[in-house]
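K.L.:
Generate a structure from the sequence data that follows.
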Amino acid sequence: MQKHFHRAAIAALISSSLITSVSFAQSTAKPDASVLTSASTTKEAKAFVAIKQEFLNALWKQDPDMAMAAGKYTDAARLVIPDQAGRDQYLAFADLWLSRLDKVDVKSLPVNEQTDLVLMRNYLEGTRWYLTQFREFEWNPTQHNIAGGFDAILNTDFAPKSKRVKIAIQRLQAVPAYYAAAKATIHAPTMEHTQLAIRQSAGAISLLSELEKAAAKEKLTAHEKQALSSGLKNARDAVNDYVAFLTDTAKNLTPETARSFRIGKDLYEGKFKADIRSSLTAEQTYQRALAAKDEAHRNMEKLADQLWTKTMGDQPKPEDRAKKIAMVIAKLSEQHIKGEDLFPAIRQQLPVLEKWIKDHDLLALDSKKPLIVRETPEYERGVTIASIEAPGIFRPHDNTYFNVTPFDGQSGEKIESTLREYNHWVLQILCIHEAIPGHYTQLQHANQSPSVIKTLFGNGAMIEGWAVYSERMMLESGYGENSPEMWLMYYKWNLRTVCNTILDYSVHVLGMSEAEAKDLLINQAFQTQAEADGKWQRVQYSSVQLASYFSGFSEILDLREQLKRQQGEKFKLKQFHEQFLSYGSAPVGMIKNMMLSGEAK
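P.N.:
Next comes the predicted model:
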């Protein structure tokens, strides 16, 4: 799972990063070079390049948190207050720019510029939908948390540490107003999001302590010291007050007053359209996933038969297909690392994957880009065991973090269950997905794309789809020695992707119960109890994102196979990979059109 501002719901940006004054005038700031590197030379195309730069300049002013996520820290001292006035300003911003873009003659632009135009419209239309229809800022208290901004300022080397500390002190002064607005915004929240927000707020307290420690090492003026001291006290009081507010709210929530975490068919289809940008509807994708599950089961049965004697000896083979597969997986899953070896094992795996990619000439890698394995920050825990946290597009050389959630406070039984889930084979596939050649590698290529727009408004289905595709591609290249054990575990892992879609749609649209969800995950996707418990939590906290993996993966695989048929012996896998990734993180359908048309990026 890749964590960056594209991956956060637009609603999160809107609720936590609105400013109260917007300048729509064209900036005189120096344009980003990557915006100007357009392959087009027509008068209309050149005019559109200028419009894109003007839009970006306005966007950075409108949304300083989004600017920070992209690597621009000019307004990092400004903590945006999540109040109605700010949301109204963001809506006005979206409407203004949609009107501006309506005047662009689409047909006069080459394909690469047409796709940028579509991506800009998608973002603005999605912003409008999230503000007016989804309105997550009202019912999801986790949307309101100051930790992310302070984390970025303190731990991104965009300026000397002393300057970053002073920026954080300035930002600190608005924390009480931020949480006051958050309290006023929350209306009929879900119980699940309320409880998660209470837990995640501990991360905000931790970041305030980190700021205090960092400031103690810097030379501050008397005024700055006073601002720090009073700011920290007021900020801590504000966070604690927000937690108390949420705790009281949770006590008073009942099945009648609490909003259901299930968003329903209309909102699900709307969010699927806004986020996934697939040629299929959510329901059609769900039906395709059901068929993929059956195909995976057929392949897994053949592998289980092949491995039966090796793993189960003379034990009678059950007639039931799912039981037979589960027994072989359970036996193989006994081979796993120790809990204390989780972080070292992941660190050791990364150079192995890098060497495989280079030896088999599958894709260009940049080994100079730093990847740091670290514990998942406290304020981000509670959703996944691992994720990639990427730098902004304007700071591609900053650290990329491979976040891994430690086993702190977990029972021995739960730790063992998790280790069996991430066994000898699956842990390797996890590293492929999150790092090489998955998210980490895709990010490297995206940050080299000439189009800031395609990278800035990255499509979640393309991003997750590439990571899932990379798993299949690695095994097809012979990784894992083509062993039946590796392939069986691959299909088990791939069933997560497939069943993510089935689970997400079934829970949010069809009303699937917890018991039915656990049956799907444990008995049909062969996941451990700990993994199933975690996925049930995740589906209560999020919607649609779980469907992005399968949607993107299936479209990428379809495109590759189409090009194989068209090009025959001329098809080169490495060329396909590098051309596909060169278009930034655009939706797969757009990349397909550009690749088939032979257009520039």
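
K.L.:
So which residues of this structure form strands?
P.N.:
2-3, 371-375, 386-389, 400-404 (DSSP state E).

K.L.:
What's the mean pLDDT across the first one?
P.N.:
This points to strand 2-3. The average pLDDT for strand 2-3 rounds to 54.

K.L.:
now do stretch 581-599
P.N.:
Computed over stretch 581-599, the average pLDDT equals 88.

K.L.:
Make JSON lines from the strands of the chain and add distance to residue 218 and mean neighbour count to it.
P.N.:
The C-beta positions use only the backbone N, C-alpha and C, and glycine is treated the same way. Below are these laid out as JSON lines (distance: least, C-beta to C-beta, whole Å; neighbours: other C-beta atoms under 10 Å):
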{"stretch": "strand 2-3", "distance to residue 218": "29", "mean neighbour count": "22"}
{"stretch": "strand 371-375", "distance to residue 218": "24", "mean neighbour count": "15"}
{"stretch": "strand 386-389", "distance to residue 218": "25", "mean neighbour count": "22"}
{"stretch": "strand 400-404", "distance to residue 218": "24", "mean neighbour count": "21"}
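
K.L.:
Redo these as CSV? Include distance to residue 308.
P.N.:
Converted to CSV, the strands of the chain look like this (distance: least, C-beta to C-beta, whole Å):
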stretch, distance to residue 308
strand 2-3, 38
strand 371-375, 37
strand 386-389, 32
strand 400-404, 34
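
K.L.:
Mind telling me which of the ones you listed the model trusts least?
P.N.:
strand 2-3 (a mean of 54).

K.L.:
For the stretch 301-450 of the chain, give me the ranges with low pLDDT.
P.N.:
383 (pLDDT under 70).

K.L.:
ok, the closest residue to residue 555 other than its chain neighbours to residue 345 distance?
P.N.:
Spatial nearest neighbour of residue 555, excluding adjacent residues (C-beta to C-beta, 6 or more residues apart in numbering): residue 588 at 4.1 Å. Residue 588 is 32 Å from residue 345, where distance means C-beta to C-beta, to the nearest Å.

K.L.:
One more: residue 230?
P.N.:
46 Å.

K.L.:
In terms of neighbours, single out the busier of those two.
P.N.:
residue 345 (18 against 12; other C-beta atoms under 10 Å).

K.L.:
for that one, what are its contacts?
P.N.:
Shown in contact with residue 345 (C-beta atoms under 8 Å, 6 or more residues apart in numbering): 337, 427.

K.L.:
Same check on the one 5 residues further on?
P.N.:
Residue 350 is in contact with 371, 373, 402, 431, 435-436, counting by C-beta under 8 Å, 6+ apart.

K.L.:
Tell me, how many residues neighbour the nearest residue to residue 119 once chain neighbours are set aside?
P.N.:
For residue 119, ignoring the flanking residues on the chain, the nearest one in space by C-beta to C-beta, 6+ apart is residue 457 at 4.6 Å. Applying other C-beta under 10 Å, we find 23 residues neighbouring residue 457.

K.L.:
Out of the contacts of residue 350, which comes closest to residue 447?
P.N.:
Top of the list for closeness to residue 447, among the contacts of residue 350 and by C-beta to C-beta, is residue 371 at 13.5 Å.

K.L.:
I figured that closest one hits residue 402, correct?
P.N.:
Yes - with contact defined as C-beta atoms under 8 Å, residue 371 reaches residue 402; the gap is 5.9 Å.

K.L.:
Common neighbours of these two, please.
P.N.:
350, 435, 440.

K.L.:
what's the most distant pair in the contacts of residue 350?
P.N.:
Longest span within the contacts of residue 350, C-beta to C-beta: 373 and 436, 12.4 Å.

K.L.:
residues contacting residue 192?
P.N.:
Contacts of residue 192 by C-beta under 8 Å, 6+ apart are 261, 540-541.

K.L.:
Considering these, which possesses the most neighbours?
P.N.:
Neighbour-wise, the contacts of residue 192 (other C-beta under 10 Å) top out at residue 540, 21 neighbours.

K.L.:
Next one, pLDDT for that one please.
P.N.:
pLDDT, residue 540: 98.

K.L.:
which residues touch it?
P.N.:
Counted by C-beta under 8 Å, 6+ apart, residue 540 has contacts 190, 192, 261.

K.L.:
do residue 472 as well
P.N.:
490, 494, 553, 557.

K.L.:
And the pLDDT for the first one?
P.N.:
Looking back up the chat, that one is residue 490. Looking at residue 490, the pLDDT reads 98.

K.L.:
contacting residues around stretch 161-179?
P.N.:
Stretch 161-179 has contacts (C-beta under 8 Å, 6+ apart) with 73, 76-82, 144, 146, 149-150, 153-154, 156, 158-159, 208, 211, 214-215, 217-220, 224, 227-228, 231-232, 234-235, 237-239, 241-242.

K.L.:
And stretch 98-106, by the same measure?
P.N.:
44, 48, 51, 55, 114, 117, 120-121, 124-125, 128.

K.L.:
Which entries within those residues meet the buried criterion?
P.N.:
Buried members of the contacts of stretch 98-106, counted by 16 or more other C-beta atoms under 10 Å: 44, 48, 51, 55, 114, 117, 120-121, 124, 128.

K.L.:
follow-up on the earlier one: just send the shared contacts of residue 371 and residue 402 back as TSV, with distance to residue 380 too.
P.N.:
Formatted as TSV, these follow (distance: C-beta to C-beta, whole Å):
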residue	distance to residue 380
350	21
435	18
440	17
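
K.L.:
Please flag which of those sit within helices.
P.N.:
350, 440 (DSSP state H).

K.L.:
Name the nearest of the shared contacts of residue 371 and residue 402 relative to residue 92.
P.N.:
residue 440 (37.7 Å).

K.L.:
residues near that closest one, how many?
P.N.:
Using other C-beta under 10 Å, residue 440 has 25 other residues around it.

K.L.:
what do you get for the one 10 residues further on?
P.N.:
Look at residue 450: counted by other C-beta under 10 Å, it has 19 neighbours.

K.L.:
Relative to residue 116, how far out is it?
P.N.:
The value you get for residue 450 to residue 116, if C-beta to C-beta is used, is 10 Å.

K.L.:
Kindly report the same for residue 175.
P.N.:
Following C-beta to C-beta, the distance that separates residue 175 from residue 116 is 37 Å.

K.L.:
what are the phi and psi angles of the residue of the chain positioned farthest from its centre?
P.N.:
Relative to the centre of the chain, the most outlying C-alpha is that of residue 314, 45.5 Å out, by C-alpha atoms, centre = their mean. The phi and psi values for residue 314, taken as degrees, to the nearest 10, are phi -90, psi 10.

K.L.:
Right, I'll call it a day here.
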